[in-house]
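In: Using only what follows, build the 3D model:
(2 chains)
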2 protein chains.
Amino acid sequence: MANRIHRKILVMSGKGGVGKSSIAVNLAVWLSGQGRRVGLLDIDIHGPSIPKLLRLEGTRLTAIDEKIEPVLYNDSLKVMSIAFMLSNPNEAVIWRGPMKHNMIQQFCDGVAWGDLDDLVVDCPPGTGDEALSAVQVLGTIHGVVIVTTPQDLAVVDVRKCVTFCKQLSLPVLGIIENMAVHICSNCGHAEHIFGQGGAEKMAAQYEVPVLGSLPLQLAIREQADSGTPTVAADPESDNSKIYREIARKVGAKLALQAKNKSISFPNIVIQNT
Amino acid sequence: MANRIHRKILVMSGKGGVGKSSIAVNLAVWLSGQGRRVGLLDIDIHGPSIPKLLRLEGTRLTAIDEKIEPVLYNDSLKVMSIAFMLSNPNEAVIWRGPMKHNMIQQFCDGVAWGDLDDLVVDCPPGTGDEALSAVQVLGTIHGVVIVTTPQDLAVVDVRKCVTFCKQLSLPVLGIIENMAVHICSNCGHAEHIFGQGGAEKMAAQYEVPVLGSLPLQLAIREQADSGTPTVAADPESDNSKIYREIARKVGAKLALQAKNKSISFPNIVIQNT
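Out: Predicted coordinates for the structure are as follows:
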């Protein structure tokens, strides 16, 4: 049976290490807690983080009727990642683009996602094979969420990401600024280690909204490393509220798009050279 | 005239955003200050950071005798990056692997590097096309320096990087731990935002040394964003001393390898599928 997926959302960033996977996980877990049927697809072939972030490492895959069963995080959240296929977590996937393309195709068409309200796709950094393959294989992308830190260096790369979306006619839903400020666990001093205002400046320039701003905080990193997403570990925390607000804005933008017939989703043809 | 390059050093990391480019830049600038003729090659096609880190953005390339002239940072440091070829810094390079391979080949054979003591190659994160192409095109790699943060999530990816080097018989010189500890600019409190001990644990496991450990510090980020490498901005600072020590260890390991005839550099054949 073919998969029916209502909304397909890409989480992208130009630069690595900005917390993209962590944000994808929290968004997916939050949406699944709202009674939605959610899929979370990790297409970072060389550095898959999703299984670790959800404490699903070591789970083995099964197949039914020639389709791979996604791994269940809970009743309403299905997860797929190349990490589930590695016999050893230290194994390196040393692949060129065409192999990665085949894998991403398999992740989309060869996985028994079933009926989903949302498919959240965690892309690796950059505007290369993985992102191109995802766009090509998924067909329609309903929205892209771009993650950045306020650092100048990151913002430069994220601009390239916005350009990528424009060139492929992908609707950018907005920007999430991560590691925006560090709060000292000793004196409470707020330090903008990675600078400030970068995302806002860029958002204004490209006329896309800032969906939310998350701090650089020891607790968040500890939750990530221990495989407990912030929205599940501490649903009433300030950070969880930020995620709730981000999910609300994403939902509102997608609903508006669906209503507005003037926004079309062109079929994209990409040369595989 | 063919380029003659004495030592070729790859700077890699499994995960993005760990400060790899910043470390490559400081290493190259430091070496060039020691009277060595140095090349710095940025093979991050989608997110080239080197020109910004050296305040060389907007420099246009010239060609002499059908070879591209590298950009001079100073008399003894030559730089090449795809960023020099973009008409606009926000331009996204939306390329699949084979195009990237051609570009990297051009960067090696089509650039008038001349005679170099050291070529430092800044790789993008991951174990895909760029890293494979660099290994293939450069032929002999004398050593790989791996950069990580102490975070569990980063260490997992860096392990894959070590596996990549082993599989391709590349000598790993050691690991550099970045963002090891944050010093609050208000109270001086040392906070291990990204955890601690990750690099040491991994280094012991794989029997490779930790070459040095750098802090997460506002000053370093500001130096990076303003295009002034730490070793040039403040040569007598503690952080510059750490770089000096890293460069010394790298040099010592390479010299030992060159002496030890038992270490060979096999010709690597990689399938371009």
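In: what about the stretch 1-150 of chain A, any weak spots by pLDDT?
Out: A:1 (pLDDT under 70).
In: That one against chain B: which residues are in contact?
Out: A:14-18, A:21, A:45-47, A:49, A:52-53, A:89-100, A:124-129, A:132, A:149 (C-beta under 8 Å from any C-beta of the partner chain). (Each C-beta comes from the backbone N, C-alpha and C, glycine too.)
In: Now intersect those with the helices, please.
Out: Among the residues of the stretch 1-150 of chain A next to chain B, DSSP state H puts A:21, A:52, A:53, A:97, A:98, A:99, A:100, A:129, A:132 in helices.
In: Quote the end-to-end distance of stretch A:39-54.
Out: Stretch A:39-54 has its terminal residues 13 Å apart, counting by C-alpha to C-alpha, to the nearest Å.
In: Which positions in it come out as buried?
Out: Buried residues in stretch A:39-54, counted by 16 or more other C-beta atoms under 10 Å in any protein chain shown: A:39-54.
In: same question, stretch A:230-240
Out: A:230, A:231, A:232, A:233, A:237, A:239, A:240.
In: what residues are up against the closest residue to residue A:190 other than its chain neighbours?
Out: Leaving aside its chain neighbours, residue A:190 sits nearest to residue A:181 (5.0 Å; criterion: C-beta to C-beta, 6 or more residues apart in numbering or on different chains). Contacts here follow C-beta atoms under 8 Å, 6 or more residues apart in numbering or on different chains; on that basis residue A:181 touches A:190, A:191, A:192, A:196, A:215, A:216.
In: separation between residue A:181 and residue B:148?
Out: Relative to residue B:148, residue A:181 is positioned 24 Å away (C-beta to C-beta, to the nearest Å).
In: likewise residue A:54?
Out: Residue A:54 sits 22 Å away from residue B:148, going by C-beta to C-beta.
In: So which bits of the stretch 151-273 of chain A are right by chain B?
Out: So the stretch 151-273 of chain A meets chain B at A:151-154, A:156-157, A:159-164, A:167-168, A:182, A:184-187, A:189, A:191-195, A:216-218, A:221-222, A:224-225, A:272-273 (C-beta under 8 Å from any C-beta).
In: could you pull out the helices for the stretch 51-200 of chain A?
Out: All helices of the stretch 51-200 of chain A, identified by DSSP state H, counting those that start in this stretch, fall at A:97-109, A:129-138, A:152-167, A:198-206.
In: got these as a markdown table, with mean neighbour count columns?
Out: As requested, the helices of the stretch 51-200 of chain A are arranged in a markdown table below (neighbours: other C-beta atoms under 10 Å in any protein chain shown):
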| stretch | mean neighbour count |
| --- | --- |
| helix A:97-109 | 19 |
| helix A:129-138 | 23 |
| helix A:152-167 | 23 |
| helix A:198-206 | 18 |
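In: How about residue A:148, nearest residue that isn't a chain neighbour?
Out: Distances taken as C-beta to C-beta, 6+ apart place residue A:158 nearest to residue A:148, at 4.3 Å, with adjacent residues excluded.
In: Excluding residues flanking it in the chain, which one is nearest residue A:16?
Out: The spatial neighbour of residue A:16 that comes closest, neighbours along the chain excluded (C-beta to C-beta, 6+ apart), is residue B:16 at 1.3 Å.
In: list the contacts for that neighbour?
Out: Here residue B:16 is in contact with A:15, A:16, A:17, A:18, A:47, A:125, B:47, B:124, B:125 (C-beta under 8 Å, 6+ apart).
In: do the same with residue A:230
Out: Going by C-beta under 8 Å, 6+ apart, residue A:230 touches A:26, A:219, A:220, A:223, A:237, A:239, A:240, A:243.
In: please redo it, this time with the cut-off set to 10 Å
Out: Contacts here follow C-beta atoms under 10 Å, 6 or more residues apart in numbering or on different chains; on that basis residue A:230 touches A:22-23, A:25-26, A:29-30, A:214, A:217, A:219-220, A:223-224, A:237-240, A:242-243.
In: Return the subset of those residues lying in helices.
Out: A:22-23, A:25-26, A:29-30, A:219-220, A:223-224, A:238-240, A:242-243.
In: From one end of stretch A:163-176 to the other, what's the distance?
Out: 17 Å.
In: so how far is that stretch from its chain's centroid?
Out: Between the centre of stretch A:163-176 and the centre of its host chain there is 14 Å, according to C-alpha atoms, centre = their mean, to the nearest Å.
In: hang on, the earlier thing: now the contacts of residue A:181 in a markdown table, with neighbour count and pLDDT?
Out: Below are the contacts of residue A:181 laid out as a markdown table (neighbours: other C-beta atoms under 10 Å in any protein chain shown; pLDDT from 0 to 100):
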| residue | neighbour count | pLDDT |
| --- | --- | --- |
| A:190 | 12 | 92 |
| A:191 | 16 | 92 |
| A:192 | 17 | 93 |
| A:196 | 16 | 86 |
| A:215 | 17 | 93 |
| A:216 | 23 | 92 |
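In: secondary structure element for residue A:250?
Out: Counting by DSSP states H and E, the element that carries residue A:250 is helix A:238-259.
In: Report all helices and strands that that helix contacts.
Out: Using 3 or more C-beta pairs under 10 Å, 6 or more residues apart in numbering or on different chains; DSSP states H and E, the elements in contact with helix A:238-259 are strand A:4-12, helix A:20-32, strand A:115-122, strand A:143-148, strand A:172-177, strand A:210-213, helix A:218-225, helix A:230-233.
In: OK, contacts around the residue nearest to residue A:253 when sequence neighbours are not counted?
Out: Of all residues not flanking residue A:253 in the chain, residue A:173 sits nearest, at 4.8 Å (C-beta to C-beta, 6+ apart). Residue A:173 makes contacts with A:9-10, A:142-146, A:165, A:208-209, A:211, A:246, A:249-254, A:257, as judged by C-beta under 10 Å, 6+ apart.
In: let's see 8 Å
Out: Shown in contact with residue A:173 (C-beta under 8 Å, 6+ apart): A:9, A:143, A:144, A:145, A:208, A:211, A:249, A:250, A:253, A:254.
In: Counting neighbours, what do you get for the last one?
Out: Neighbourhood size, residue A:254 [other C-beta atoms under 10 Å in any protein chain shown]: 18.
In: Report whether the expected contact of it with residue A:31 is present.
Out: No - Residue A:254 is beyond contact range of residue A:31, at 11.4 Å (criterion: C-beta atoms under 8 Å).
In: can you list the helices of the stretch 51-200 of chain A in JSON lines and add distance to residue B:59?
Out: Formatted as JSON lines, the helices of the stretch 51-200 of chain A follow (distance: least, C-beta to C-beta, whole Å):
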{"stretch": "helix A:97-109", "distance to residue B:59": "30"}
{"stretch": "helix A:129-138", "distance to residue B:59": "28"}
{"stretch": "helix A:152-167", "distance to residue B:59": "16"}
{"stretch": "helix A:198-206", "distance to residue B:59": "23"}
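In: which one of these lies closest to residue B:81?
Out: helix A:152-167 (12.5 Å; C-beta to C-beta).
In: what about that closest one, distance to the chain center?
Out: How far helix A:152-167 lies from its chain's middle: 16 Å, per C-alpha atoms, centre = their mean.
In: Stretch A:2-12 now?
Out: 11 Å.
In: Next, the buried residues of that stretch.
Out: A:5, A:7, A:8, A:9, A:10, A:11, A:12.
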